[in-house]
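Asks: Next come a sequence and a model predicted from it.
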Amino acid sequence: MKVIHCDWLKTQIGVFRDKAEAIEVLNETDGFFEKCEDGMAGFSCGKDGDGLPLFFIFIARKPHPPTTIQGLIVHEVSHLVDILLDNKGIETRSVNTEVRAHMNEWLFTAVLEIIQEQEKPKRKKK
C-alpha cells in the first residue's frame, strides 16, 4: 500500500493494488469496501484506532478489457472524492463544482503516479 497525504483535508488515502491486502487492512479499520462485482476496483472508508476516518482505493493490476487502468482510476476517484468531501462537510452542487473538479484532478494524478511508479520495469543488476 502507498499513502497519499491530503493536508488541507487533514486525511490520508491508502492506494492498494492487491485485493487481499486491501481487504485485510479494511477488516482492521471496521470499514466498508465498495467493490465492483468483477473485483477490478473499489473504494472504502474506515476508522483508525482514534476513530478518525481512513480512506482507501483499490485498483487491480490487470483490468479486464476494454476497461483501462485510467478508466478504473477515474471511476473510483469520483466515488472517493464524493465521500471525502461529504466527510468534511463540503457540499458540492451544480452551482459549486469547482472544488470537486480540482479534487478529482489532484487525486487522479496522485493515484496514477503511484501506479506508474509500481509498473516501471525493474532493472536487472549486472
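Replies: The structure has been received and is ready for your questions.
Asks: Restrict the host helix or strand of A20 to CA atoms and write it as CSV.
Replies: Take DSSP states H and E as the rule and A20 turns out to sit in helix 19-29. Extracted in CSV, the C-alpha atoms of helix 19-29 (Å, rounded to 0.1, in the frame of the first residue of the first chain):
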residue,chain,number,x,y,z
LYS,A,19,-7.2,-7.0,-3.3
ALA,A,20,-6.3,-9.4,-0.4
GLU,A,21,-4.1,-6.8,1.2
ALA,A,22,-6.8,-4.2,0.8
ILE,A,23,-9.4,-6.4,2.5
GLU,A,24,-7.1,-7.4,5.3
VAL,A,25,-6.4,-3.7,6.2
LEU,A,26,-10.1,-2.8,5.9
ASN,A,27,-11.0,-5.5,8.3
GLU,A,28,-8.8,-3.9,10.8
THR,A,29,-10.5,-0.5,10.3
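Asks: and that helix, how far from the chain's centre?
Replies: 13 Å (Cα atoms, centre = their mean, to the nearest Å).
Asks: Could you tell me which ranges of the protein sit under the pLDDT cut-off?
Replies: 30-39, 125-126 (pLDDT under 70).
Asks: Recalculate using a threshold of 80.
Replies: 19-20, 22-23, 25-43, 46-53, 62-65, 95-96, 121-126 (pLDDT under 80).
Asks: can you give me the strands in it?
Replies: For the chain, strands defined by DSSP state E occupy the ranges 2-6, 11-16, 32-35, 41-47, 53-59.
Asks: how far away is the spatially most central residue of the chain from W8?
Replies: By Cα atoms, centre = their mean, the mean C-alpha position of the chain lies nearest to I57, the distance being 2.7 Å. I57 sits at a distance of 18 Å from W8 (criterion: Cβ to Cβ, to the nearest Å). C-beta coordinates here come from the backbone N, C-alpha and C atoms, glycine included.
Asks: and what of L54?
Replies: On the measure of Cβ to Cβ, L54 and W8 end up 17 Å apart.
Asks: out of these two, which sits in the more crowded spot?
Replies: Set L54 next to W8 and count neighbours by other Cβ atoms under 10 Å: L54 wins out with 20 against 8.
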